[in-house]
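> from the sequence below, what's the structure:
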Amino acid sequence: MEKLLIVDDEQILLKGLKFSLEQEKYKVETAIDGEDAINKMSSNEYDLIILDVMLPKMDGIEVCRKIRETSNVPIIMLTAKGDDDSKIDGLEAGADDYLTKPFNILELKARVKAVLRRVHVDEIHKTPEIITDDFVINTLGRKVTVRGEEINLTAKEFDLLLLLIINKNKVFSREELLEIIWGYEYFGDVRTVDVHVRRLREKVESDSSNPEYIVTKWGVGYYFREQ
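Just a heads-up that it's a prediction; the model follows:
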């Protein structure tokens, strides 16, 4: 479950955003000013920050700069309508994206998903070779060797295996895997994930009916079990 920090001094908006994003299964914390945000950053790790530009005590641009001194956490800036200078300043300070107030909550949710998806994809391709258990994965050549034998995987099978391996023991729901690997939602058709997992098991497991590595967490999703 991704952990988000929302920083805004508008209490009604803050509560509304928190409620809406928690409905998407994010864990959400809030801060009401720049100093509060910096204090929370010093004692917590977040997967994404939603940061308003206009804040008391320390404005959002300065908060963004301070965060970037120690962290590469994705940041979405919230700017006032027509305030183009703040948009540019925010991006130059290290923000990953921005959204202009007032905005549609559906658009914010889409931006959050898109930014988190980019982070996952970047993480997937950051290491040129991964060696773990019986697997050797060449991320540049997109080749997989299992127990000394090269396995022929489709593009999606490769991406799925790589995501699970670099996040060992982390359970991903089918919806999360659809969003990260396929890049868009299949309107709830999680069978796409199930089919790819089944095919992947048939190729990499010694016994696909009793998988050793790609394991089901019943009622939740799938994960790669570290041996």
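> show me what the helix-or-strand element of the chain with minimal mean pLDDT is packed up against.
Across the helices and strands of the chain, mean confidence by mean pLDDT, DSSP states H and E is lowest for helix 105-124: a mean of 80. For helix 105-124, the packing partners by 3 or more Cβ pairs under 8 Å, 6 or more residues apart in numbering; DSSP states H and E come out as helix 11-22, strand 48-52, strand 75-80, strand 97-101, helix 155-166. All C-beta spots, glycine's among them, are computed from the backbone N, C-alpha and C.
> could you look over those and pick the most buried one?
Highest mean neighbour count of the helices and strands packed on helix 105-124: strand 48-52, a mean of 25 (counted as mean count of other Cβ atoms under 10 Å).
> ok and it relative to strand 75-80, angle-wise?
20 degrees (axes from the mean of the first three to the mean of the last three Cα atoms, to 10 degrees).
> tally of neighbours for the closest residue to R174 other than its chain neighbours?
Among residues not flanking R174 along the chain, V190 sits closest, at 3.6 Å (Cβ to Cβ, 6 or more residues apart in numbering). Residues near V190, counting by other Cβ atoms under 10 Å, number 14.
> just say helix, strand or coil for I131.
strand (DSSP: H, G, I helix; E, B strand; the rest coil).
> who is it paired with across the strands?
Beta-bridge partners for I131, by DSSP bridges, are V136.
> walk me through the domains of the chain.
Taking automatic domain parsing as the reference, the chain has its domains at 3-123, 125-224.
> the longest one: how far from the chain's middle?
In this case it means domain 3-123. On the basis of Cα atoms, centre = their mean, to the nearest Å, domain 3-123 sits 14 Å off its chain's mean C-alpha point.
> begin at 9 from now on, thanks
All right, first residue 9 from here; so that's domain 11-131.
> single out the most deeply packed of the domains of the chain.
Of the domains of the chain, the one with the most neighbours on average (mean count of other Cβ under 10 Å) is domain 11-131, at a mean of 17.
> pretty sure H204 sits against L168.
Yes - with contact defined as Cβ atoms under 8 Å, H204 reaches L168; the gap is 5.7 Å.
> coming back round to it: Throw the helices and strands packed on helix 113-132 into CSV and include mean pLDDT, thanks.
Listed next are the helices and strands packed on helix 113-132 as CSV, based on pLDDT from 0 to 100:
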stretch, mean pLDDT
helix 19-30, 95
strand 56-60, 95
strand 83-88, 90
strand 105-109, 88
helix 163-174, 89
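> G156: which of those is closest?
G156 lies closest, by Cβ to Cβ, to one member of the helices and strands packed on helix 113-132: helix 163-174, at 16.9 Å.
> which elements pack onto that closest one?
Applying 3+ Cβ pairs under 8 Å, 6+ apart, we find helix 163-174 packed against helix 113-132, strand 137-140, strand 143-146, helix 199-212, strand 229-232.
> partner strands of the helix or strand following the fourth one, with direction?
In this case it means helix 199-212. Sequence order places strand 222-225 as the next helix or strand after helix 199-212, per DSSP states H and E. Paired strands of strand 222-225, with direction, are strand 229-232 (antiparallel) (DSSP bridges).
> pLDDT of the partner strand, averaged?
The pLDDT scores in strand 229-232 average 95.
> contact partners of it?
Applying Cβ atoms under 8 Å, 6 or more residues apart in numbering, the contact partners of strand 229-232 are 169, 172-173, 175-182, 184-185, 201, 205, 221-225.
> E77: which of the helices and strands packed on helix 113-132 is closest?
Of the helices and strands packed on helix 113-132, nearest to E77 by Cβ to Cβ is strand 83-88, at 12.9 Å.
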